[in-house]
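>>> quick check, what structure comes out for this input:
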Amino acid sequence: MKKLLLLPLLALLTMAAYVADTYTVDVASSTIVWTGYKVTGKHTGTVKVKNGSLTWADGKLTGGTFDIDMTSITDTDLEGEWAAKLVGHLKSDDFFGVEKHPTTKFVITKAIPQDTKGNYKIVGNLTIKETTREEKFLASVSESNGKITASGKLTVDRSNYNVRYGSGSFFDGLGDKTIYDEFDLQISLVANK
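Numbers count the residues shown, from 1 in each chain. Next up is the predicted model:
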């Protein structure tokens, strides 16, 4: 009889060891740098993290989500009028349609440890302009003193999200006006317990 009573207790203790802690993303300390590529070069800029959280259990990242404030897009490689024109175009319906779609979302569905050094394969659902697709990327994640730091580079094929302006996949004869479909998001998140 005593053994039967101990089994549920052991199960509860085991479950308690895996209860996830939620860490809130510090938007002021988190950054996203974007890089878009074209035949004649590239452009870079930033976009702000709006909010988010990461979950941590048993010494590992177990999940999370974060929203990107698409209204905060900036360009960092141009100045003045040229930067303003590029940002205006990126916010327009030709690209991200920020007026109708001010937020982009990423939800982690799997955080797969690759080693014991904090390297993970992140699998999650990215939503841009009401289209959601699974994306995968490698990230480095660590936790110390109630703070998680995570960084990784997500490469996105914009044509999968109905962002087709200047895409050689959809339009012929663009020549040196072609804008490549893939762009990079260098994501650095800081989250506090």
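>>> skipping adjacent residues, who's closest to His89 in space?
Phe95 (6.5 Å; CB to CB, 6 or more residues apart in numbering). Using the backbone N, CA and C atoms, a C-beta is placed for each residue, glycine as well.
>>> return the distance of stretch 116-129 from the chain's centre.
7 Å (CA atoms, centre = their mean, to the nearest Å).
>>> quick one: average pLDDT of it?
The pLDDT scores in stretch 116-129 average 96.
>>> give the next helix or strand downstream of the helix or strand bottoming out on mean pLDDT in the chain.
Every helix and strand in the chain was compared by mean pLDDT, DSSP states H and E; the lowest is helix 2-17, with a mean of 51. Later in the chain than helix 2-17, the nearest helix or strand by DSSP states H and E is strand 21-25.
>>> so which residues of this protein form helices?
2-17, 80-91 (DSSP state H).
>>> which other helices and strands contact the shortest one?
When contacts are defined as 3 or more CB pairs under 8 Å, 6 or more residues apart in numbering; DSSP states H and E, helix 80-91 sits against strand 60-75.
>>> just the CA trace of the strand it packs on, in PDB.
C-alpha atoms of strand 60-75 as PDB (Å, rounded to 0.1, in the frame of the first residue of the first chain):
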ATOM      1  CA  LYS A  60      16.800  24.500 -21.200                       C
ATOM      2  CA  LEU A  61      14.900  26.800 -23.400                       C
ATOM      3  CA  THR A  62      11.500  25.200 -24.000                       C
ATOM      4  CA  GLY A  63       9.500  27.800 -25.900                       C
ATOM      5  CA  GLY A  64       8.500  31.400 -26.400                       C
ATOM      6  CA  THR A  65       7.000  34.000 -28.600                       C
ATOM      7  CA  PHE A  66       7.800  37.600 -29.600                       C
ATOM      8  CA  ASP A  67       6.100  40.300 -31.700                       C
ATOM      9  CA  ILE A  68       7.900  42.600 -34.000                       C
ATOM     10  CA  ASP A  69       6.700  46.200 -34.400                       C
ATOM     11  CA  MET A  70       6.700  46.700 -38.100                       C
ATOM     12  CA  THR A  71       5.900  50.400 -37.700                       C
ATOM     13  CA  SER A  72       9.400  50.800 -36.300                       C
ATOM     14  CA  ILE A  73      11.300  49.800 -39.400                       C
ATOM     15  CA  THR A  74      14.400  52.000 -40.000                       C
ATOM     16  CA  ASP A  75      17.200  51.900 -42.500                       C
END
